[in-house]
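> Give the three-dimensional model of this entry:
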Amino acid sequence: QIRCIVHVLFLVGEGLESPQVVKELLDVTENPGKPSYPLAPERPLVLHHCGYPSLHFGYNVQNLWMTCCQLRSQWEELVLAAARVRSRIESLSGAIVTKNDTFTFLQNRLIERSKKKSKYGNNKVTPELDELKSDILDHSGCTMNWGKALEWMEKYQLRPEPDNERETVHIPLMERSRGTTYEEKIEALSNSKRRQQNYEENIVKKRKTAEE
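From the prediction side, this is the model:
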């Protein structure tokens with residue numbers, strides 16, 4: 001549930017969905033079925049604290065010392081790894097590419113984006129290719145560095161993000177296909193004798209376990 005909520009909040013934060021969509025999704029009367037969307041990735045999610053009012057933990061100095069040493073070792077390793085990757089990314093900004101290559105890449109991505117928008121009924125086409133061509137090719141020189149090429153791509157909402165290896169088009173959540181509702185699952189269960197039998201057997205097993 002948490003990762004479902006976080007994915008929707010990410011979409012709102014990126015400006016792809018309105019904050020109102022959260023209220024709409026929580027209205028199970030109007031929207032009984034969950035729209036199709038993936039779970040948020042688990043790596044960025046951090047549990048900072050949880051409390052147990054009736055439980056009090058005991059600590060000793062030796063255990064805390066060892067735990068801190070291990071955590072600092074992990075932190076140092078990951079920080080250094082992140083710094084190395086960041087340095088590598090920044091070093092690419094000076095790489096030289098041709099303007100023709102840059103134009104061809106942008107053209108292909110924008111055409112792909114336009115096709116996908118048309119597929120989902122969105123007739124809003126991305127910028128005219130003639131405009132794009134004049135933007136890039138009508139300036140002096142036939143090459144540019146990678147940093148400058150990224151600036152051109154940014155104008156057309158193209159960024160080398162982890163999920164951007166292929167061009168994607170956002171489909172509003174409320175226009176997506178819906179999952180099976182709770183009522184539909186119950187109905188399917190009642191219409192299947194085998195499933196109903198398995199369900200009743202699981203209930204009996206759980207009851208026995210609880211009694212034991």
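> neighbouring contacts of stretch 143-150?
For stretch 143-150, the surrounding residues in contact (CB atoms under 8 Å, 6 or more residues apart in numbering) are 92-99, 102, 159-160. In this view, the C-beta of every residue, glycine as well, is placed from N, C-alpha and C.
> again, only using 10 Å
90-103, 105-106, 136, 139, 151-152, 158-160 (CB atoms under 10 Å, 6 or more residues apart in numbering).
> before we move on, what about stretch 10-21?
Identification of contacts with stretch 10-21 by CB under 10 Å, 6+ apart yields 6, 8-9, 22, 24-25, 31, 35, 37, 40-41, 44, 170-174.
> same thing but at 8 Å, please
Residues outside stretch 10-21 that contact it (CB under 8 Å, 6+ apart): 8, 22, 40, 170, 172-174.
> now, the most widely separated pair of these?
Farthest pair in the contacts of stretch 10-21 (CB to CB) is 40 and 174. Separation: 18.8 Å.
> Which of these two has more residues huddled nearby?
A count of neighbours by other CB atoms under 10 Å puts residue 40 above the other of residue 40 and residue 174, at 18 against 15.
> ok, the more buried one to residue 1 distance?
Distance, residue 40 to residue 1, by CB to CB, to the nearest Å: 11 Å.
> Show me which positions of stretch 21-32 end up buried.
Buried residues in stretch 21-32, defined by neighbour count with 16 or more other CB atoms under 10 Å: 21, 25, 31.
> between the residues you listed, which is nearest residue 119?
Nearest to residue 119, judged by CB to CB, of those is residue 21 at 22.2 Å.
> on that earlier part again, okay, and which of the buried residues of stretch 21-32 map to helices?
Mapping these onto helices (DSSP state H) picks out 21, 25.
> What is the lowest-pLDDT residue among the buried residues of stretch 21-32?
In terms of pLDDT, the weakest of the buried residues of stretch 21-32 is residue 31, which scores 82.
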